[in-house]
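Enquirer: please find the sequence and the predicted model below.
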Amino acid sequence: MRHQKVIPKLGRPRGHRRALLKNLANSLVLYEHIKTTEAKAKILKPKVERLVTRAKVANLHNRRELLKVLPTKNAVKKLFEVIGPKYKERKGGYLRIIKLEPRQGDGAKMAIIEFVG
């Protein structure tokens, strides 16, 4: 049974939400930190941490699995060549969320999500 297993919807249909998270993950990998809303950052964190864990073992299967998730080859290349080896000895907790002041226009809670160290 799936009682109380709520999936955060972000006010979007499933396809739009998936595309949003793919693009946020892609930007986070390429730029190593992004500024977004707190809700999006909290949903994005476990997804990107799973990608980094895969990138720590450089083999063809993991590369193809990451190519399914990330829209650009540059992001996958950076994960395997830069980010994966950087966290080779670390067991988890590759990202941090830093809360910021609310956005001026609509008062949305903002945050920066970035790689640790």
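Expert: All right, it came through fine. Numbering: from 1, shown residues only.

Enquirer: give me the phi and psi for the most centrally placed residue in the chain.
Expert: The centroid of the chain falls nearest to residue 48 when counting by Cα atoms, centre = their mean (3.3 Å). Torsion angles at residue 48 (phi, psi; degrees, to the nearest 10) stand at phi -70, psi -30.

Enquirer: contacting residues around it?
Expert: By Cβ atoms under 8 Å, 6 or more residues apart in numbering, the contact list for residue 48 reads 25, 28, 29, 94, 95. In this view, the C-beta of every residue, glycine as well, is placed from N, C-alpha and C.

Enquirer: ok, the first one - how many residues close by?
Expert: Translated: residue 25. Neighbour count for residue 25, taken as other Cβ atoms under 10 Å: 22.

Enquirer: any chance you could map the helices in the chain?
Expert: 14-31, 38-55, 60-69, 73-78, 84-86 (DSSP state H).

Enquirer: for those helices, which one ends up most surrounded?
Expert: The highest average neighbour count among the helices of the chain, using mean count of other Cβ atoms under 10 Å, belongs to helix 38-55 at a mean of 18.

Enquirer: who's in contact with stretch 102-117?
Expert: 28, 32-39, 41, 44-45, 83, 86, 93-101.

Enquirer: try it again with 10 Å
Expert: Here stretch 102-117 makes contact (Cβ atoms under 10 Å, 6 or more residues apart in numbering) with 24, 28-29, 31-42, 44-45, 48, 52, 82-83, 86-87, 90, 93-101.
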